[in-house]
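Asks: next one to model:
(chains A and B)
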Amino acid sequence: EAQVTQNPRYLITVTGKKLTVTCSQNMNHEYMSWYRQDPGLGLRQIYYSMNVEVTDKGDVPEGYKVSRKEKRNFPLILESPSPNQTSLYFCASSDPSNTGELFFGEGSRLTVL
Amino acid sequence: GQNIDQPTEMTATEGAIVQINCTYQTSGFNGLFWYQQHAGEAPTFLSYNVLDGLEEKGRFSSFLSRSKGYSYLLLKELQMKDSASYLCAVSGNSGYSTLTFGKGTMLLVSP
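Replies: Just a heads-up that it's a prediction; the model follows:
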């Protein structure tokens, strides 16, 4: 089954404790992206990657890092989480040679205390 | 930059027709997407328009006018399960890397 898998789905952590949210897709998509979704603000892009070893900042990259060492994986790293990073995070992938339809993971709800 | 506007909330009755509008101002245009998102779930793809006109897919249709920077999503024969947030998203100059989402329209379908 074609899918985007994120882990963990839910996480409560404390300020400053490094964490990584993993994202993996099995559709051989070149393009992957991370979004955060907050009430009243909609989906905002954090980082995206057009291919292996190619990443770029989206609209709200501060406080986040990403890497793309393999085509299927695109982890999101919070080196020193802060309460304003409490949010619902979505990973997505697409095939730019097609319509570019984004396939989303199920989301990761992160709470930083 | 990109600016996408859509109504915050709409209500409609089961069996009715509802039209959700989206206006956009973008630096370049490579297509407009509509997604559906139920509460607490991931967005799911509904439609894609890159040329002017109407695209029909079952009970859902999407319209695009590039000259007016305008799109709408039309939902017919509304069902209770259509209660969800509907997201308009525009792809700009750099293609999919600049896919920008509107804040979404929360649709509530009542019996």
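Asks: show me what from chain A comes close to chain B.
Replies: Residues of chain A lying near chain B by CB under 8 Å from any CB of the partner chain: A:31, A:33, A:35, A:40-45, A:48, A:50, A:56, A:59, A:90, A:94, A:96, A:99-107. (C-beta placed from N, C-alpha, C; glycine too.)
Asks: buried ones in stretch B:33-50, by neighbour count?
Replies: Neighbour counts over stretch B:33-50 (16 or more other CB atoms under 10 Å in any protein chain shown) mark B:F33, B:W34, B:Y35, B:Q36, B:Q37, B:A42, B:P43, B:F45, B:L46, B:S47, B:Y48, B:N49 as buried.
Asks: could you look up the SS state of the second one?
Replies: With DSSP: H, G, I helix; E, B strand; the rest coil as the basis, the three-state label of B:W34 is strand.
Asks: distance of the residue nearest the centre of chain A relative to A:T22?
Replies: By CA atoms, centre = their mean, chain A has its centre lying nearest to A:W34, at 3.0 Å. A:W34 sits 11 Å away from A:T22, going by CB to CB, to the nearest Å.
Asks: on that earlier part again, of the buried residues of stretch B:33-50, which is the nearest to chain A?
Replies: The closest of these to chain A turns out to be B:A42 (CB to the nearest CB; 3.8 Å).
Asks: which strands border the helix or strand where A:T5 lies, and is each parallel or antiparallel?
Replies: Per DSSP states H and E: A:T5 is located in strand A:4-7. Using DSSP bridges, strand A:4-7 pairs in its sheet with strand A:19-25 (antiparallel).
Asks: got a list of contacts for the strand it pairs with?
Replies: Strand A:19-25 is contacted from outside by A:3-8, A:11, A:13, A:32, A:34, A:72-78, A:81, A:89, A:91, A:93, A:103, A:105, A:108, A:110, using CB atoms under 8 Å, 6 or more residues apart in numbering or on different chains.
Asks: can you give me the strands for chain B?
Replies: Assigned by DSSP state E, chain B shows strands spanning B:3-5, B:9-13, B:18-25, B:31-37, B:44-49, B:53-57, B:60-65, B:70-75, B:84-92, B:95-101, B:105-110.
Asks: worst mean pLDDT among these?
Replies: Comparing mean pLDDT across those, the weakest is strand B:95-101, with a mean of 70.
Asks: any idea which strand is longest in chain A?
Replies: strand A:42-51.
Asks: for chain A, what are the nearby residues on chain B?
Replies: Within chain B, the positions adjacent to chain A are B:30-31, B:33, B:35, B:40-45, B:48, B:87, B:89, B:91, B:95-97, B:99-104 by CB under 8 Å from any CB.
Asks: hmm, B:S47 and B:W34 touching each other?
Replies: Yes: counting by CB atoms under 8 Å, B:W34 touches B:S47, with 4.7 Å between them.
Asks: give me the common contacts of the two.
Replies: Common neighbours of B:W34 and B:S47, counting by CB under 8 Å, 6+ apart, are B:F60, B:S62, B:L73.
Asks: which among the strands of chain B is found nearest to A:K18?
Replies: The closest of these to A:K18 is strand B:95-101. By CB to CB, the value is 27.1 Å.
Asks: and A:F104, what does it touch?
Replies: So A:F104 contacts A:V4, A:F90, A:C91, A:A92, B:A42, B:P43, B:T44 (CB under 8 Å, 6+ apart).
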